[in-house]
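Colleague: Next input, structure requested:
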Amino acid sequence: MNKELLGFFFIFIALFMGALYYTNIIQEPFIHALNSIKSTYHNTIKYSGDAIDKHFLQAKEIETLKEKLTKYENNHLVMQQLASEVKDLFNINHSNFTADPRVELVRTISYEKFGDLNRLWLDVDEYNSSKIYGLIYKEMVAGIVIDKGAEPLALLNKDIKCSYAVYIGDDMAPGVAHGNNEKYLIVEFIPTWHEIHIGDIVRTSGLDNIFYKGLKVGEIISITRSQGYQTAKIKPYYDSNEPNYFHMIKRVR
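Modeller: As a prediction, this is how the structure comes out:
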């Protein structure tokens, strides 16, 4: 009798895990609850760490923050000046264009699955599941953010489903960059009439409304040509083994 109950128990667990893996109806509330627990855990750890740092490293931290504040104030003044000049340019030309970019610092919760380092759950305050967002790490393109089960999921550059529009080199040859689950990225659909070279820098074009124009992606290490297009293999600039925080582009313009 005990063996039968044990066998029934294992079958039930197997069926439940299978349903959890393949059924979105079961997955969504489970993932949401699990991510909430993880987010609470990270908040607790961060609060404890901040309290310890505040108590023991207060003087050093204040000095470091003052230096950063001076730097950020300088950058802010420069950006204000540029924004003012752009606004004046729009007014002179009677343009209706507006510029209101938004960027938010977001924190990672955990990997989506063990063994896949290219997909991460994110902790985002306000999230529109119908949009695709750009992900940046220290002014380098890190990947994109998509919706999965009503939760924000980061697809880092090397993920095969991570794709966005780019320009290559000074000639600004257009193409589409995507991962291939390996070390390098691939840029496809580059027109043959554009000259590209090994060592050319790849930047975002901004035409996909995901990234700002000009963010660095990587540089070309090889080129192939086929069926009227060129394909380039890219060595990405972003290659972090500790993906704790990113900046997410909430609004491009």
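Colleague: tell me the contacts of the residue lying closest to Leu215 once chain neighbours are set aside?
Modeller: Spatial nearest neighbour of Leu215, excluding adjacent residues (C-beta to C-beta, 6 or more residues apart in numbering): Thr204 at 4.4 Å. The way it works is simple: take the backbone N, C-alpha and C, and place the C-beta from them, glycine included. If you count contacts by C-beta atoms under 8 Å, 6 or more residues apart in numbering, Thr204 has them with 134, 141, 164-167, 210-215, 217.
Colleague: Put the buried members of those into a ChimeraX selection.
Modeller: Paste this into ChimeraX to select the buried members of the contacts of Thr204, with burial taken from 16 or more other C-beta atoms under 10 Å:
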select :134,141,164,165,166,167,210,211,212,215,217
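Colleague: Could I get the contacts of Thr204 in a markdown table, plus columns for distance to Gly115?
Modeller: Converted to a markdown table, the contacts of Thr204 look like this (distance: C-beta to C-beta, whole Å):
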| residue | distance to Gly115 |
| --- | --- |
| Gly134 | 26 |
| Val141 | 24 |
| Tyr164 | 25 |
| Ala165 | 30 |
| Val166 | 29 |
| Tyr167 | 34 |
| Ile210 | 27 |
| Phe211 | 28 |
| Tyr212 | 33 |
| Lys213 | 35 |
| Gly214 | 34 |
| Leu215 | 29 |
| Val217 | 25 |
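Colleague: Of the contacts of Thr204, which pair is most distant in space?
Modeller: Pairwise distances across these peak at 15.0 Å for Gly134 and Tyr167 (criterion: C-beta to C-beta).
Colleague: any idea which element Gly175 lies in?
Modeller: strand 173-179 (DSSP states H and E).
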